[in-house]
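Chemist: Have a look; sequence and predicted model below, questions after that.
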Amino acid sequence: MGDDATIRSPAVRKVIWIVRAIFIAAAAAAIVWLFGFYQPPERRTYPGRQTVVFWHMWTSNWTDVVNRIVDRFNESQTRYEVVPLVVPPSSGSLKTLIATAGSDPPDCMAQWEPVIPAWVERSALTPLDTLMESKEWADLRDRMFPAVRAIGTYKGHFYGLSIGMNVWAAYYRPSHFREAGLDPDNFPKTLEELDAIVPKLYRHDAGGRIMRIGFMPRNFAHWAAVFGGSLYDAQTQQLTLAAPRNVDAMQWMVGFGDRYGFERILSFESGLTTTFAASWPFISDAYSIVIDGQWRVEQLARFAPDLDYRTAPIPYPAGGKPLACWSNGNFMVIPNGARNKAGAMAFMRFWSGVDRPERAAEFYTWGGWLPITPEVARAPMYQEYIKKYPQFKTFVDILASPNVQVTPPVPRQALLMARLQWAEDAAFRHVLEPKEALERVQEEVEREDSQAGAGKP
């Protein structure tokens, strides 16, 4: 009875509770350390060389592609050994910032998130142009496709070297065109031509429910570029979201939704499968025309090899821009505090094709990536890839265009793109007029920059 009474006493129960809490906290900390910040021992194949620590977020089969490129680099020279480490995509960016703040960053990192302006404002990145001779940098700057140069530049310095861009174009089904009495060899070049054919491509059941979407414009950033607008003024370094051509673009999008029934389209889409790989609804006849990226070409070859489809640039309106779209991509950065910046730069030059573009062309074909310079695109191995996937040529042609735009170089890039999606939805649902929705987003992003104090950690 004495023991039971002791256990029931408030003082002992409090001690037991504290011990349990400490144990749980320690266990949680161990888990976080093990899965979030613990780094396994380096894999060293060439012990006598300088180590280049390389972090990336590619998993599954993509890891194998990255490892092949790393092996090629390590075999190509005798000075450096790149040691790759996969960091979780969900926390890789945060982990890199923490490691940089703790003076233990990787030597280089592959990124696809819009981090450059925010990280520069936190003094977390090394300007790559400062690691080159001035003549060498000027030559590379002139050789790079315009979007490649733009995506890596912030406040006059170059921070991110692309290793594969993404651009968007129209995918369409020739069989749907023939069924509607349209010529599949004459895809619309203008929005006026597109507007004329889309009604013939929609399909409805006896009750008026949509059975196939002819076309539905999405992603305002693409259409702002196509209309000849811009989300950012490089001269004033200010957002210009509600500029007249941008408003025209969103108004056209909203009018399209009104014409074909935005809510009915959403209802139809809610019953579709995932948009990933073999489940892409374009394969199952759910759409006649969609706007999507170049990675679909290889996916279609793998999961729907017999599908008849074609690609074409996005149609543009009178006063608009041909070969236009929004773009993003994969790029390499060197954190501040990296121990081996020279080795990191050598690896980045190797992979990207800054050095020996004909060699790097093979790497781009492994990932189905778009190159950074015309030299890579013209390389024999890359040309063979285009012959194998002729629909891919559309995207290479678009990438070379000066009308391809990237996310505006503001510190709150991720917030900006998320809120533009909100503005688009609000306009489609007539919650706000297009101009008002865009003005609200600009005010919010500028307020967030001001409150955070751009340039401060």
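Modeler: Noted; the coordinates are in hand. Numbering: from 1, shown residues only.

Chemist: Okay, now the unreliable bits of the chain?
Modeler: By pLDDT under 70, the low-scoring segments of the chain are 1-44, 452-457.

Chemist: Ala150 touches Val406, doesn't it?
Modeler: Yes - using Cβ atoms under 8 Å, Ala150 is in contact with Val406, at 4.7 Å. C-betas here are computed from N, CA, C, even on glycine.

Chemist: ok, how many other residues are close to the nearest residue to Tyr80 once chain neighbours are set aside?
Modeler: Closest residue to Tyr80 apart from its sequence neighbours, by Cβ to Cβ, 6 or more residues apart in numbering: Gly343 at 4.2 Å. Applying other Cβ atoms under 10 Å, we find 24 residues neighbouring Gly343.

Chemist: Helix or strand for Gly343, just tell me which one.
Modeler: Gly343 is part of helix 341-352 when elements are defined by DSSP states H and E.

Chemist: quick one: contacts of that helix?
Modeler: Helix 341-352 is contacted from outside by 50-52, 54, 69, 72-73, 76-77, 79-80, 82, 107-108, 126, 128, 131-132, 161-163, 332, 334, 338, 354-356, 359-360, 363, 372, using Cβ atoms under 8 Å, 6 or more residues apart in numbering.

Chemist: helix, strand or coil for the closest residue to Pro174 other than its chain neighbours?
Modeler: Distances taken as Cβ to Cβ, 6+ apart place Pro184 nearest to Pro174, at 3.5 Å, with adjacent residues excluded. Under DSSP: H, G, I helix; E, B strand; the rest coil, Pro184 falls in the coil class.

Chemist: and Pro184, what does it touch?
Modeler: Each residue near Pro184 by Cβ under 8 Å, 6+ apart is listed here: Tyr172, Pro174, Phe177, Arg178, Arg310.

Chemist: give me that answer again for 7 Å
Modeler: Residues in contact with Pro184 (Cβ atoms under 7 Å, 6 or more residues apart in numbering) are Pro174, Phe177, Arg178, Arg310.

Chemist: so which pair among those is furthest apart in space?
Modeler: Greatest spatial distance in these: Arg178 and Arg310, 12.2 Å, computed using Cβ to Cβ.

Chemist: which one of these two has more residues nearby?
Modeler: Arg310 (16 against 11).

Chemist: these two touch, right, the more buried one and Ser175?
Modeler: No - between Arg310 and Ser175 there is no contact under Cβ atoms under 7 Å: 10.8 Å.

Chemist: domain ranges for this protein?
Modeler: As assigned by automatic domain parsing, the chain contains the domains 50-167+327-400, 168-326+407-452.

Chemist: ranking those domains by burial, who's on top?
Modeler: Among these, domain 50-167+327-400 has the highest mean neighbour count (mean count of other Cβ atoms under 10 Å), at a mean of 19.

Chemist: quick one: that one to chain centroid distance?
Modeler: 13 Å (Cα atoms, centre = their mean, to the nearest Å).

Chemist: Test my guess that Leu377 contacts Trp369.
Modeler: You called it Leu, but residue 377 is Ala. No - applying Cβ under 7 Å, one finds Ala377 not in contact with Trp369, separated by 11.2 Å.

Chemist: which secondary structure element contains Asp248?
Modeler: Going by DSSP H and E, Asp248 is part of helix 244-260.

Chemist: next SSE after that helix?
Modeler: helix 262-270.

Chemist: which helices and strands sit right next to that following helix?
Modeler: Packed against helix 262-270 by the contact rule (3 or more Cβ pairs under 7 Å, 6 or more residues apart in numbering; DSSP states H and E) you find strand 210-212.

Chemist: Paired strands for the strand it packs on, with orientation please.
Modeler: Take DSSP bridges as the rule and strand 210-212 pairs in its sheet with strand 203-204 (antiparallel).

Chemist: So what touches the partner strand?
Modeler: With contacts defined as Cβ under 7 Å, 6+ apart, strand 203-204 is touched by Ile210, Met211, Arg212.

Chemist: at 10 Å what do you get?
Modeler: With contacts defined as Cβ atoms under 10 Å, 6 or more residues apart in numbering, strand 203-204 is touched by 176, 179-180, 209-214, 261, 264, 268, 285, 288.

Chemist: Nothing else from me, thank you.
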